[in-house]
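Enquirer: Got a sequence here, can you build the structure:
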Amino acid sequence: MEYRSPKQIAMRVSAVTIMLNVVLCAFKMFAGIFARSGAMVSDAVHSASDVLSTIIVMIGVKVSNKASDKEHPYGHERMECVAAIILAVILGATGLGIGYSGLKKVVMGGYGDISAPGGLALAAAVISIIVKEAMYWYTRSAARRINSGALMADAWHHRSDALSSVGSFAGILGARLGFPILDPVASVIICVFIVKAAFDVFRDAVNKMTDRSCDDSMADAIRKVIEEQDGVMGIDQIKTRLFGDRIYVDVEIRADGETTLNQAHAVAQRTHDAIESRFPSVKHCMVHVNPAGCGNTPEDRGQDDGEA
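Expert: Numbers count the residues shown, from 1 in each chain. Predicted structure coming up:
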């Protein structure tokens, strides 16, 4: 199997979803106009906005994968978080817009004047639900594989479109069956799911931008690898921080105080190499060696151990 870098995977997925969105948008616009469905025309415009969202993802991924330079010695990974935050805001605004429109119709009674659209609009809604849900799972799978917050945000945007199409389907079907109120009620329910997804994406991106530590399972796995290394007599401190979709690790280990500088360096180098090779998401690892039994633990120095 041909190897693809995370950047290549993200760009390929984004290109595929852009093409699908363009085709889907054109089809829904045609169906909405031909079948006299305002809901389907609105859904087509919503799909058109997805193209812009995916372009934002592509820009964010491209910039975040740029090599370190003089002005950014630690890299550009956080730019992907910026893209995720932008998409979260767009996603949240989309959900609130759908919910506001539905709630207004329920409260004001504006659903009674909805005319019954043609069957083509109903078929278009079903096709849209299937295609957008498939795009969600396709993009979500790639996002999880390369640990991309921006791509995950785009996946949830596809899911919001699928839910929006569910609302369109309910509204069209309800109008055809004589129950037009189903459209705004479905919109309000869908709003809750979309806003919740937007909040989760936003929170994850902010955590990655504010040096949040990685989860306990990751810290425990790193600790286990360190303890397996020859020459390591104990661990004084482990600190981790998320930097975009990558992890930085700082550790203090104990080694025999009678060893030479070269021997202590070899222990530190083995530990460093083991961590970076076993955990691809670790971008950089700093290892400090303390002599065992010489009062060099964080507690001895009056410091918080700061374990992740």
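
Enquirer: Run through the helices of the stretch 151-300 of the chain in chain order.
Expert: With helices called from DSSP state H, counting those that start in this stretch, the stretch 151-300 of the chain shows them at 182-209, 216-227, 261-278.

Enquirer: Quick check: which of those is nearest to A175?
Expert: Of all the helices of the stretch 151-300 of the chain, it is helix 182-209 that lies closest to A175, at 7.0 Å by C-beta to C-beta. C-beta: built from backbone N, CA, C; applies to glycine.

Enquirer: Quick check: buried residues in the closest one?
Expert: 182-191, 194-195, 197-198, 201-202, 204-205, 208-209 (16 or more other C-beta atoms under 10 Å).

Enquirer: Output the below-cut-off pLDDT ranges for this protein.
Expert: 1-3, 38-39, 42, 45, 110-117, 183, 244, 293-308 (pLDDT under 70).

Enquirer: Could you break it into its assigned domains?
Expert: Following automatic domain parsing, one finds the domains of the chain at 6-209, 216-291.

Enquirer: Tell me which of those domains sits most buried.
Expert: Most buried of those, by mean neighbour count (mean count of other C-beta atoms under 10 Å): domain 6-209, with a mean of 20.

Enquirer: what about it, distance to the chain center?
Expert: 14 Å (C-alpha atoms, centre = their mean, to the nearest Å).

Enquirer: Please renumber the chain so that the first residue is 790 from this point on.
Expert: Let's use 790 as the start, then, which means that last one is domain 795-998.

Enquirer: was I right about I848 contacting A872?
Expert: Yes. Counting by C-beta atoms under 8 Å, I848 touches A872, with 6.8 Å between them.

Enquirer: contact partners of stretch 1053-1068?
Expert: By C-beta atoms under 8 Å, 6 or more residues apart in numbering, the residues outside stretch 1053-1068 that reach it are 1007, 1010-1011, 1014-1015, 1017-1021, 1036, 1038, 1040, 1042, 1044, 1048, 1071, 1073-1078.

Enquirer: Name the nearest residue to Y889, ignoring sequence neighbours.
Expert: The shortest distance from Y889 to any non-neighbouring residue, by C-beta to C-beta, 6 or more residues apart in numbering, is to C980 (7.9 Å).
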